[in-house]
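how would this look folded up:
(2 chains)
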Amino acid sequence: MLDIRFIRENADLVREAIRRKRIAVDLDNVLAADGECRELKTSFESRKAEQNRGSKELGRLDAAARAKALEGLKVLSDEVRVLEARLVEAEARLRTLLLLVPNVLDPAVPEGRDDSQNAELKRWGTPRQFDFAAKDHVDLGTSLDILDIERATRIAGSRTYFLKNEGALLELAVLRFAIDHMMAKGFSPMLVPHLVRTEAMEGTAYLPGGEEQAYRTQKDDSWLIGTSEVPVTAYRMGEILSCEELPLKMAGLSPCYRREAGTYGKDTRGLYRIHQFQKVEQVVVCRADLDESIRWHDAILKNAEELLQAFELPYRVVDVCDGDLGRPQVRKFDIETWMPSRNGYGETHSASRFHDYQARRLDLRYRDEQGKVRICHTLNNTVVASPRILIPLLENHQQADGSVVIPEVLRPYMGGRSVMKPKA
RNA sequence: GGAGAGAUGGCAGAGUGGUCGAAUGCGCCGGUUUGCUAAAUCGGUGUACCUGUUAAAUCGGGUACCGAGGGUUCGAAUCCCUCUCUCUCCGCCA
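Numbers count the residues shown, from 1 in each chain, chains lettered A, B, ... in the order given. Sure thing, here's the model as predicted:
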């Protein structure tokens, strides 16, 4: 959420963001609602002040004077009540509108219609040329007896899977490596609530707007998280942090649940797009300093790159274009990892910088050295998401005999295994 | 799931209809005292929003906030209702 004062003073910037992110919001409605709010607030407060003065005096009056003053106060009280009701309504209307106003863009964000027009920033590694008929991860996983999609579909519906044997171990290995990698960077590992309240979803800007993508419980009105970003970023919501404890560096591990509504027929084969996966997510909460925020954005991008390099997987980094950028992000870098079966790069990581957009919604603040209360900045990036990462891991490291070599850094987490071999 | 108790400022803890944004203590900040430290002593010490003066305010005026939301009342921390959370006991359970 943007500061309404910022919107008033930078309406052009905000209009540009609405246009470039292709979001259906009429800023004039927002500004009108704001004007109405302030008008009502002024008249309500001055009448209320009058009433407070009168009521205060009433206590000191004798019976006769009191009865007389009471009459006038009753009228005033009704008037105040009406004004207040109108004010509350106007404020609710403004907030509803404000939640939908997108964050402004970093000047560097490239222009583009969709993800096909993201700007490539760098490439690392060279996609492998196979001198044999390479299999995709589904065939590999099946013959290695580490993956079963067919039976999962019977039991749990589309976009589900079983990982078993070394497949199960490989996912655990990848996650644990990611946690250790982040701990070495000073991030606190966190296991988090998977069911959260609307507040946390709204605070991280998944709501309103993301209702169709999230699973919601029927009886208790809570939401299954689509990423641990939600509980981790919201972890200190409503608090005023001391500046000594910033930045908060946290690495959340959780399952992630996504309905994938509206994606029928898209990425239907294999483990690319599924309803449930596990992810280690890095979250940074830092002071309200643009340069610092940008530095962290680069740092969390680098953390993820290091992981892919350790896994010996070719990847590229893209600067996400305006048309593909979400409402809350100022700028976003995606990492796409080489996936032979797609004969291309597929998104595996997403590093977002939010400025104070999430923090304002979460009421996440800190006291600076001067004692001034300020709104934090937040950022996040994937460390690793599995099983999607298993796609490049299996496909890139396969051998002619159908076996798959386990990257060296993962072997300690796999009981020393260096290769997975077909069972049949 | 059933029965009961509770939620007050950074912390502890008073306050059961007006003079309460809230006693008192601790903590914290500043002054005085002090060879230093400690002690003593004096003063200060929430957040948000509206509005005024202004070059700008750490300035003036106002409104709101005593878990959250609603109600009663001229007036609510205090009375009533709903919800959330915490604790105790019973049941169930990993």
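
tell me both backbone torsions, phi and psi, for A:S350.
Dihedral pair for A:S350: phi -150, psi 110, per degrees, to the nearest 10.

for it, which non-adjacent residue is closest in space?
Distance criterion CB to CB, 6 or more residues apart in numbering; nearest residue to A:S350, sequence neighbours excluded, is A:D334 at 5.1 Å. Bear in mind the C-beta positions are built from the backbone N, C-alpha and C, glycine included.

shouldn't the one you found be in contact with A:C321?
No. With contact defined as CB atoms under 8 Å, A:D334 does not reach A:C321; the gap is 10.5 Å.

show the contacting residues for whichever residue of the stretch 151-300 of chain A sits closest to RNA strand B.
Per CB to the nearest atom of the strand, the residue of the stretch 151-300 of chain A with the smallest distance to RNA strand B is A:I240, at 6.4 Å. Shown in contact with A:I240 (CB atoms under 8 Å, 6 or more residues apart in numbering): A:365-367, A:373.

can you tell me which residues in the stretch 151-300 of chain A are near RNA strand B?
Selection of the stretch 151-300 of chain A residues close to RNA strand B by CB under 7 Å from any atom of the strand yields A:I240.

distance check, A:P412 against A:T204.
Distance, A:P412 to A:T204, using CB to CB, to the nearest Å: 34 Å.

for the residue nearest to A:S350, phi and psi?
The phi/psi pair for A:D334 (degrees, to the nearest 10) reads phi -100, psi 150.

what's the answer for A:G125, then?
The phi/psi pair for A:G125 (degrees, to the nearest 10) reads phi 80, psi 160.

what sits against it?
Contact partners of A:G125, counting by CB under 8 Å, 6+ apart, are A:309, A:312-315, A:338.

which strand or helix spans A:A90?
Taking DSSP states H and E as the criterion, A:A90 maps to helix A:63-98.

quick check, pLDDT for the residue of the stretch 151-300 of chain A closest to RNA strand B.
A:I240 is assigned 84 on the pLDDT scale.

now the nearest residue to it once chain neighbours are set aside: phi and psi?
Distance criterion CB to CB, 6+ apart; nearest residue to A:I240, sequence neighbours excluded, is A:R365 at 4.9 Å. Dihedral angles of A:R365 (phi, psi; degrees, to the nearest 10) stand at phi -130, psi 170.

enumerate every residue touching A:R365.
For A:R365, the contacting residues are A:239-241, A:359, A:373-376, by CB under 8 Å, 6+ apart.

swap in 10 Å and give it another go.
With contact taken as CB atoms under 10 Å, 6 or more residues apart in numbering, A:R365 is in contact with A:236-241, A:288, A:356, A:359, A:373-376.

next one: it from RNA strand B, what distance?
To RNA strand B, A:R365 is 7 Å away according to CB to the nearest atom of the strand, to the nearest Å.

give the bridge partners for that residue, please.
Bridge pairing for A:R365 (DSSP bridges) gives the partners A:I240, A:I375.

what sits against A:M420?
Neighbours of A:M420 in contact, by CB under 10 Å, 6+ apart: A:140-141, A:144-146, A:165-167, A:169-170, A:394, A:397-398, A:402-406, A:414.

let's go with 7 Å and repeat that
A:144, A:146, A:166, A:403-404, A:406 (CB atoms under 7 Å, 6 or more residues apart in numbering).

same thing with A:G346?
Residues counted as contacts of A:G346 (CB under 7 Å, 6+ apart) are A:272, A:336-337, A:339.

hang on, it is in a strand, isn't it?
Yes. Under DSSP: H, G, I helix; E, B strand; the rest coil, A:G346 sits within a strand.

and it, how close does it get to RNA strand B?
Counting by CB to the nearest atom of the strand, the gap from A:G346 to RNA strand B is 35 Å.

ditto for A:A69
Using CB to the nearest atom of the strand, A:A69 is found at 8 Å from RNA strand B.

surely that residue meets A:R53?
No. Taking contacts as CB atoms under 7 Å, A:A69 lies outside contact range of A:R53: 11.0 Å.

coming back round to it: tell me which of A:P412 and A:T204 has more neighbours.
Set A:P412 next to A:T204 and count neighbours by other CB atoms under 10 Å: A:T204 wins out with 30 against 13.

report the buried residues of stretch A:263-281.
Under the neighbour-count criterion of 16 or more other CB atoms under 10 Å, stretch A:263-281 has A:270-275, A:277-281 buried.

pull the distance from it to the chain's centre.
Relative to the centre of its chain, stretch A:263-281 is centred 17 Å away, using CA atoms, centre = their mean, to the nearest Å.

what is the mean pLDDT for that stretch?
For stretch A:263-281, mean pLDDT is 92.

ends of that stretch, how far apart?
Terminal residues of stretch A:263-281 lie 24 Å apart, using CA to CA, to the nearest Å.

tell me the helices and strands packed up against the helix or strand hosting A:V383.
Assigned by DSSP H and E, A:V383 falls within strand A:377-386. Here strand A:377-386 touches helix A:166-184, helix A:229-234, strand A:276-286, helix A:290-310, strand A:344-353, helix A:357-362, going by 3 or more CB pairs under 7 Å, 6 or more residues apart in numbering; DSSP states H and E.
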